[in-house]
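A.B. asks: below are the sequence and a predicted model; questions follow.
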Amino acid sequence: VESVQFWRGEEEPGRPYPLHWAIYVETGLGIGNTYQIIKNSDNYTLNVRHNQPLENRKDWRGSFIVGTVTWVEFSEMERILATVDITYDVPSWNSHDRVMSALVSLSGSGLSGIIVMSQSRLHD
């Protein structure tokens, strides 16, 4: 289970947009599931891609492994990720916030291979 970040271009030269964040879970050689929000703050939608290569490889900025899940725990992990709140119409709230909330939820879920984290530790 990884937190991944992607460049989204620049608003103008020297003013990059915030990175796009997603959760990625490798399910096979070169493929995995991506859990992310897409669209804008007034119409965010949860987007899940199953067993696909990681999108936008050329814009990949980095990733951080937060743990593993067993196949037995996989459906529980997906259920948890689907229930993480999305905040609408708050311009400062974005994919970074949703991934942070998802990681805190996964951390507190009792799944065996997820690193236990607090919201404050994730921001350090």
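C.D. replies: Thanks, I have it. Numbers count the residues shown, from 1 in each chain.
A.B. asks: hey, let's count contacts and neighbours off CA atoms from now on
C.D. replies: Will do.
A.B. asks: average model confidence for stretch 30-49?
C.D. replies: The average pLDDT within stretch 30-49 is 95.
A.B. asks: show me where pLDDT drops low in the chain?
C.D. replies: 116-124 (pLDDT under 70).
A.B. asks: measure residue 97 to residue 87 for me?
C.D. replies: Using CA to CA, to the nearest Å, one gets 9 Å for the distance from residue 97 to residue 87.
A.B. asks: over to residue 39?
C.D. replies: Distance, residue 39 to residue 87, by CA to CA: 13 Å.
A.B. asks: neighbour count winner among those two?
C.D. replies: Using other CA atoms under 10 Å, the more surrounded residue of residue 39 and residue 87 is residue 87, with 15 against 10.
A.B. asks: any idea which element the more buried one lies in?
C.D. replies: Here residue 87 is covered by no helix or strand, with elements defined by DSSP states H and E.
A.B. asks: isn't it right up against residue 93?
C.D. replies: Yes. Look at residue 87 against residue 93 with CA atoms under 8 Å: they come within range, at 6.9 Å.
A.B. asks: need the residues touching each of those two.
C.D. replies: Residues touching both residue 87 and residue 93 (CA atoms under 8 Å, 6 or more residues apart in numbering) are residue 41.
A.B. asks: dump the residue contacts of residue 70.
C.D. replies: By CA under 8 Å, 6+ apart, the contact set of residue 70 is residue 113.
A.B. asks: hmm, 6 Å instead?
C.D. replies: Neighbour list for residue 70: empty [criterion: CA atoms under 6 Å, 6 or more residues apart in numbering].
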